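Engineer: the sequence and its predicted three-dimensional model are supplied below.
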Amino acid sequence: QKEVEQNSGPLSVPEGAIASLNCTYSDRGSQSFFWYRQYSGKSPELIMFIYSNGDKEDGRFTAQLNKASQYVSLLIRDSQPSDSATYLCAVWPGNTGKLIFGQGTTLQVKP
Amino acid sequence: SAVISQKPSRDICQRGTSLTIQCQVDSQVTMMFWYRQQPGQSLTLIATANQGSEATYESGFVIDKFPISRPNLTFSTLTVSNMSPEDSSIYLCSVEGDGDNSGNTIYFGEGSWLTVV
């Protein structure tokens, strides 16, 4: 089992819809969870981080964490074509600084 | 958040040569991290660079191939030695920085895109 799993996609949604990106992880001791957006030819850009169970909202983005189910998701409301990118889920087990990345989900938002 | 600058941003390298990538941070940080992202792949941690001590390498990465320096709290270098086409990747420097009241987060530089021919 991979340490961090994501569906590679592509996930295709129409403009204005809600895009739901999912991620599961295997290490129950994981402390912190991150979502990075990576456009083609660019480096990863941090868009959300969450440490506690529940929802965390920032603009059009909502991160959801369920540690009991070892599941973290990212919701993008009112999706725009500019949101089309690869979204990387990353898990930080603790104080080592070693982020574990999933393979990424490619999101396509169609006008 | 931390501002991280990497040089070079891109380079085309000849097989068998070595290239040193520089990473400069706008604030003092304890740990700096070097990641690699091969084409179509996710990010893999190469090593953790702490100031004043030897870098800690992840499984599959060795110091002879990827020597790292960390002369102070704002700067690090990664050298890719004796390059082969398999080393064509994005190399990313990252640091731990302030997140929010709950904890810290990891920020990335713009990356160094290396193509080995």
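Structural biologist: That came through fine.

Engineer: what ranges does chain A have for its strands?
Structural biologist: A:4-6, A:11-14, A:19-25, A:32-38, A:45-50, A:54-58, A:61-66, A:71-76, A:85-92, A:100-101, A:105-110 (DSSP state E).

Engineer: distance to B:Ala47 and mean pLDDT added to those strands, as CSV?
Structural biologist: Heads up, the C-betas are built off the backbone N, CA and C, glycines and all. Putting these into CSV (distance: least, C-beta to C-beta, whole Å; pLDDT from 0 to 100) gives the following:
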stretch, distance to B:Ala47, mean pLDDT
strand A:4-6, 20, 94
strand A:11-14, 33, 96
strand A:19-25, 23, 96
strand A:32-38, 20, 94
strand A:45-50, 21, 91
strand A:54-58, 31, 94
strand A:61-66, 29, 97
strand A:71-76, 26, 97
strand A:85-92, 17, 94
strand A:100-101, 15, 92
strand A:105-110, 27, 96
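
Engineer: between those strands, which gets nearest to B:Leu78?
Structural biologist: Closest to B:Leu78 of the strands of chain A, according to C-beta to C-beta: strand A:100-101, at 18.2 Å.

Engineer: check which residues of stretch B:49-67 are buried.
Structural biologist: Going by neighbour count (16 or more other C-beta atoms under 10 Å in any protein chain shown), the buried part of stretch B:49-67 is B:49-51, B:55-57, B:61, B:65-67.

Engineer: which residues touch that stretch?
Structural biologist: Residues outside stretch B:49-67 that contact it (C-beta atoms under 8 Å, 6 or more residues apart in numbering or on different chains): A:98, B:30-34, B:44-48, B:68-73, B:76, B:78-82.

Engineer: the residues you listed in strands, which ones?
Structural biologist: Counting by DSSP E, the part of the contacts of stretch B:49-67 found in strands is B:31-34, B:44-48, B:68-72, B:76, B:78-80.

Engineer: OK, contacts around A:Glu45?
Structural biologist: Listed by C-beta under 8 Å, 6+ apart, the contact set of A:Glu45 reads A:36-39, B:108.

Engineer: state the pair within those that is farthest apart.
Structural biologist: Spatially, the most separated pair among the contacts of A:Glu45 is A:Tyr39 and B:Phe108, at 13.0 Å (C-beta to C-beta).

Engineer: about what we covered before: what about burial for the ones in strands among the contacts of stretch B:49-67, which qualify?
Structural biologist: B:31-34, B:45-48, B:68, B:70, B:76, B:78, B:80.

Engineer: so which bits of chain B are right by chain A?
Structural biologist: Residues of chain B found near chain A (C-beta under 8 Å from any C-beta of the partner chain) are B:1, B:31, B:33, B:41-45, B:48, B:58, B:90, B:92, B:94, B:96, B:99-100, B:102-111.
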